[in-house]
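Colleague: Fold the following and give me the result.
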Amino acid sequence: QVVFTAQDVNGNFQNGNVDVTVVDTVSPVIATQTISIYLDANGQTSTTPQAVNAGTADNCMLDSISLSQTNFDCSEVGANTVTFTAIDIYGNVSTAPVVINVLDTILPQVLTQPITVYLDANGEAIADPNTAIVSTNDNCSVSSTTFVQSVFGCNDLGVNQVELQVEDPSGNIRRSMVQITVLDTIAPEIICPADVQTCESSVQYDIPQITDNCTDLDYYLVSGPYPGTSVEIGTYDVVWQVEDQSGNTNQCSFTAVVNPIPEIRVQADTSVYYGDDLQLWVTSDIPSTYQWFPEDLVSTPRDSITLTAPTEAVTYTAVVTSEQGCENQKEVVVNIHNNVNVGTAFTPNGDGINDYFEVQGLDEYDFVSVKIYNRNGQMVYESNDYHNDWDGTYNGEKLPAASYYFILNLGSGHEGITGIVTIIN
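Modeller: Numbers count the residues shown, from 1 in each chain. Sure thing, here's the model as predicted:
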């Protein structure tokens, strides 16, 4: 209560008691701050209003402060806006938003084991991190597991130490080294050439084609001859082997046959008279076929025995081919006998009988030359177109009776004739 006094201008006054009610309608003034709180090993955390209060005040006295949420878990990692409430003793209420950052700084836990990966046909292997993990644990959850190197090639064969990274949603990364063994169990491919048959004394063939998912290869001959090697007649099993750097092997094989070349015999070179029949023959030590050349000069060009009737010198070729296609050949030279008769003496006395050096049969030849020498080697007569017309003279003078040496040339392909002719006076 308070005393109320009323007074007039003359100083007269009157007092009375008055009830006065004091009312507080002013709300508290809120002051807050952003805070960060951290999840524990169980993925839980909490806070208090006092942690975010930054000097909230009231004109009288605060009764209480509170938060709309004080407990947080993994689902609320990050910035959370909650309501801060302040109430004074007269029930005046103020609210304001406040940011609470929920953080996770605990690394995941991981238990690993060694793993083995195998190169594929392209020489590549991919490691799956899940195969290396025995177990993982995090206060929240694991968002990813990765290897810093997950692709491996031929250069990585063997044991590799590779970092495994286990990450949670907050970016906390646990790093652990994992042993990764890279193996290659794919054998190389090797392709041999087709079977080989040859008539040569050496075997020729292409080196086998070799491929592998890796390139460091060693290949070698297991059995049989190398290309170009001289070998005996026979059949050979040729085996090649290839081995890669991991010890994977493969083989291929083919047959190489060295066939015999026919050993042949033909008749000796010979001579026949112009147009006379001649039998030609050839033999082989193994079953074979035969072919004579020139074909048009023999009666049966594909027989081992055939007939011919040469009119000039001919070189015949017998080609012999075995059943395996091996070939040999030899030549037979056939010359033509001179079908002439040379007189051995003549009497150049002018009686018309045997006055000239006569050679019978010259009409068959296109070219006839004669050279005649005395016993001293002096040429006393020469003609390149002889027609039985030498009368035993030299430079117009009769030569003395004596023996003279002659050379008779009947042209290409014909045998020359030499001998002695005597002049008788």
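Colleague: Any regions of the stretch 251-400 of the chain where pLDDT drops low?
Modeller: Within the stretch 251-400 of the chain, the stretches with pLDDT under 70 are 338.
Colleague: quick one, strands of it?
Modeller: 264-266, 270-273, 278-284, 288-293, 305-308, 314-322, 327-337, 341-342, 345-346, 359-360, 369-373, 379-383, 393-394, 397-398 (DSSP state E, counting those that start in this stretch).
Colleague: and those strands as CSV, adding distance to Phe72 and mean neighbour count?
Modeller: For every residue, glycine as well, the C-beta is placed using N, CA and C. Below are these laid out as CSV (distance: least, Cβ to Cβ, whole Å; neighbours: other Cβ atoms under 10 Å):
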stretch, distance to Phe72, mean neighbour count
strand 264-266, 108, 17
strand 270-273, 124, 14
strand 278-284, 107, 18
strand 288-293, 104, 19
strand 305-308, 116, 16
strand 314-322, 99, 19
strand 327-337, 100, 16
strand 341-342, 142, 14
strand 345-346, 152, 16
strand 359-360, 142, 17
strand 369-373, 135, 18
strand 379-383, 140, 15
strand 393-394, 150, 14
strand 397-398, 155, 10
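Colleague: Taking strand 369-373 as reference, get the angle to the helix or strand Thr418 falls within.
Modeller: Using DSSP states H and E, Thr418 sits in strand 417-423. If you take axes from the mean of the first three to the mean of the last three Cα atoms, to 10 degrees, strand 417-423 sits at 50 degrees to strand 369-373.
Colleague: one step back: of the strands of the stretch 251-400 of the chain, which is nearest Gln179?
Modeller: strand 314-322 (65.8 Å; Cβ to Cβ).
Colleague: and the strand holding Thr418, what does it pack onto?
Modeller: Packed against strand 417-423, as judged by 3 or more Cβ pairs under 8 Å, 6 or more residues apart in numbering; DSSP states H and E, are the following elements: strand 341-342, strand 345-346, strand 402-409.
Colleague: can we see that at 10 Å?
Modeller: Using 3 or more Cβ pairs under 10 Å, 6 or more residues apart in numbering; DSSP states H and E, the elements in contact with strand 417-423 are strand 341-342, strand 345-346, strand 369-373, strand 402-409.
Colleague: contact partners of it?
Modeller: 338, 340, 342-348, 357-359, 370-372, 390-393, 398-410 (Cβ atoms under 10 Å, 6 or more residues apart in numbering).
Colleague: Which PyMOL command selects the buried ones in the residues you listed?
Modeller: Selecting the buried subset of the contacts of strand 417-423 in PyMOL, with 16 or more other Cβ atoms under 10 Å as the burial test, is done by:
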select buried, resi 338+340+342+346+347+348+357+359+370+371+372+390+392+399+404+405+406+408+409+410
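Colleague: picking up where we left off before, can you lay out the strands of the stretch 251-400 of the chain as TSV showing distance to Pro225?
Modeller: Converted to TSV, the strands of the stretch 251-400 of the chain look like this (distance: least, Cβ to Cβ, whole Å):
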stretch	distance to Pro225
strand 264-266	27
strand 270-273	43
strand 278-284	26
strand 288-293	26
strand 305-308	39
strand 314-322	21
strand 327-337	22
strand 341-342	63
strand 345-346	72
strand 359-360	64
strand 369-373	60
strand 379-383	65
strand 393-394	74
strand 397-398	80
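Colleague: what comes up buried for the strand holding Thr418?
Modeller: Neighbour-count burial for strand 417-423 [16+ other Cβ under 10 Å]: 421, 423.
Colleague: what angle separates it from strand 402-409?
Modeller: Going by the same axes, to 10 degrees, strand 417-423 makes 150 degrees with strand 402-409.
Colleague: Partner strands of strand 417-423, with direction?
Modeller: Sheet pairing of strand 417-423 (DSSP bridges) gives strand 345-346 (parallel), strand 402-409 (antiparallel).
Colleague: related to what we said a few turns ago, closest to Arg174 out of the helices and strands packed on strand 417-423?
Modeller: Closest to Arg174 of the helices and strands packed on strand 417-423, according to Cβ to Cβ: strand 402-409, at 113.3 Å.
Colleague: and the closest residue to Val332 other than its chain neighbours, what does it touch?
Modeller: Residue nearest to Val332 in three dimensions, not counting chain neighbours: Tyr316, with 4.6 Å by Cβ to Cβ, 6 or more residues apart in numbering. The neighbourhood of Tyr316, defined by Cβ under 10 Å, 6+ apart, consists of 266-267, 269, 278, 280, 282, 292-294, 297-298, 306, 308, 310, 330-334.
Colleague: Hmm, Gly411 is touching Asp385, no?
Modeller: No - using Cβ atoms under 10 Å, Gly411 is not in contact with Asp385; the gap is 11.5 Å.
Colleague: any common contacting residues for these two?
Modeller: Shared contacts of Gly411 and Asp385 (Cβ under 10 Å, 6+ apart): 367-369.
Colleague: on that earlier part again, where's the residue nearest to Val332 relative to Tyr290, distance?
Modeller: Applying Cβ to Cβ, to the nearest Å, the value for Tyr316 to Tyr290 is 12 Å.
Colleague: list residues touching both of those two?
Modeller: 282, 306.
Colleague: how about the helices in the stretch 51-200 of the chain?
Modeller: For the stretch 51-200 of the chain, the helices defined by DSSP state H, counting those that start in this stretch cover 129-132.
Colleague: Count the residues that sit near the closest residue to Ser176 other than its chain neighbours.
Modeller: Of all residues not flanking Ser176 in the chain, Leu164 sits nearest, at 4.9 Å (Cβ to Cβ, 6+ apart). Other residues within reach of Leu164 by the criterion other Cβ atoms under 10 Å amount to 20.
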